[in-house]
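Chemist: Got a predicted structure plus its sequence, pasted below:
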Amino acid sequence: MESYLKLNSMQLDALREVGNIGAGNAATALSKMIGSRVEMNVPDIEILPLSELVSAAGGPEACVAGVCLRFKGEASGAILFLFPAADAEQIAATLLKKRNVKFSDELSCSALTEMVNILAGSFFNALGLFTSLHFIPTVPALCIDMAGAILGSVLYSSGMSGDYVLFIKTDFRYGDKRSLGYLYLLPEAEALQVIFNALGVKQLVE
Amino acid sequence: MLVEIAQIKVALSPTELVSIGLGSCIGVCLYDPFARVGGLAHVMLPASNKGLKTEYRGKFADTAVPALIVEMLKSGASARRLVAKIAGGAQMFSFPNVSEFMCIGERNLNAVLEALDKEKIPVVSQDTGKNYGRSVRFCTGTGMLHIKSIGRQIKVI
């Protein structure tokens, strides 16, 4: 929606805070699961025209593991966790306390999906408390493929049909500042209004 | 020549038209083998209903196909010689209890086939559906469509 371009700095700050609170809690949960310190940046609000979307996924043909789930309730949208494929295998190995885990192994896929399920749970718990809104996350699904194809598919199946897309992106790191993955929060256009209302921030001007 | 999401591009032999990372999107290639004019639309959604306005002519299947034909004719193609090759329309994630709304790849595919049928353009080959992403390279010199996927051999249709 072109109205994304009209968001003022207060609205952008509100969205950043939404991402920050959710991702902060998710990082804590993540840290407990992998038994390592997890750091994150302040979330970026990205508003991009469609034509730049695929490049935004960081190398459109790079092989990544994506775990996606939708959320419904008073506000709806999707959450996508993207890991570089090699790192994802290492995380799965950590979770399973095994060495040399491969994605051909169903158990490692399941471990990674479950991890994101738990992350999303803590994300929405925090967000629910912050906004007093009720979020209902669905069961996540995993896909290992080209970054561009994954990001695109998540967006369109989430009912995002404007010429611009908005997402809140948080970068997680662990160990020696190794990138662990990116968390994307993709609210639908209507969800933005609901979130702004809940936080007492002025509505979008149409 | 790169064709980004929701764009339409037409080129003359021997230029190659490329779209990277097609998931549920569909690469619709039209070709006039005599004039050697090729066009590629990177279709993203099935239909331009709900009065959605867009600056991207390749975005919706139902409007992208006619728009692509117009561009092809401008570049010297003849409508009755046009043939189509299509790739994409995957279902990247398999969610449990998937609703019809989520099957965007399949809906895109049906909408593209319908739009091509309406314009009486035969689909000579396709590599569609399944659950993996595709990058496509359409050679306007030969009319061949090269399809690359992760962990799979390059397919030429």
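Modeler: Arrived safely.
Chemist: ok, now which ones touch B:Val18?
Modeler: Applying C-beta atoms under 8 Å, 6 or more residues apart in numbering or on different chains to B:Val18 gives the contacts B:Met1, B:Leu2, B:Val3, B:Ser135, B:Val136, B:Arg137, B:Phe138. Using the backbone N, CA and C atoms, a C-beta is placed for each residue, glycine as well.
Chemist: Show me what it bridges to in the sheet.
Modeler: B:Leu2, B:Arg137 (DSSP bridges).
Chemist: on that earlier part again, please indicate which of the contacts of B:Val18 are buried?
Modeler: B:Val3, B:Ser135, B:Val136, B:Arg137, B:Phe138 (16 or more other C-beta atoms under 10 Å in any protein chain shown).
Chemist: Kindly reformat the residues you listed as TSV containing pLDDT.
Modeler: Rendered in TSV, the data for these read as follows (pLDDT from 0 to 100):
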residue	pLDDT
B:Val3	90
B:Ser135	93
B:Val136	95
B:Arg137	95
B:Phe138	95
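Chemist: Name the nearest of the residues you listed relative to A:Phe103.
Modeler: B:Ser135 (20.2 Å; C-beta to C-beta).
Chemist: Verify the contact between the closest one and A:Met146 for me.
Modeler: Yes. Between B:Ser135 and A:Met146 there is a contact at 7.0 Å, judged by C-beta atoms under 8 Å.
Chemist: Overlap of the contact sets of those two?
Modeler: Contacts common to B:Ser135 and A:Met146, judged by C-beta under 8 Å, 6+ apart, are A:Glu61, B:Ile20, B:Gly21.
Chemist: Let me know how buried the nearest residue to A:Glu61 once chain neighbours are set aside is, in neighbour terms.
Modeler: In space, and not counting its chain neighbours, A:Glu61 is closest to A:Met146: 5.1 Å by C-beta to C-beta, 6 or more residues apart in numbering or on different chains. As a burial measure, A:Met146 scores 30 neighbours (other C-beta atoms under 10 Å in any protein chain shown).
Chemist: Show me what A:Met146 bridges to in the sheet.
Modeler: Beta-bridge partners, per DSSP bridges, of A:Met146: A:Cys63.
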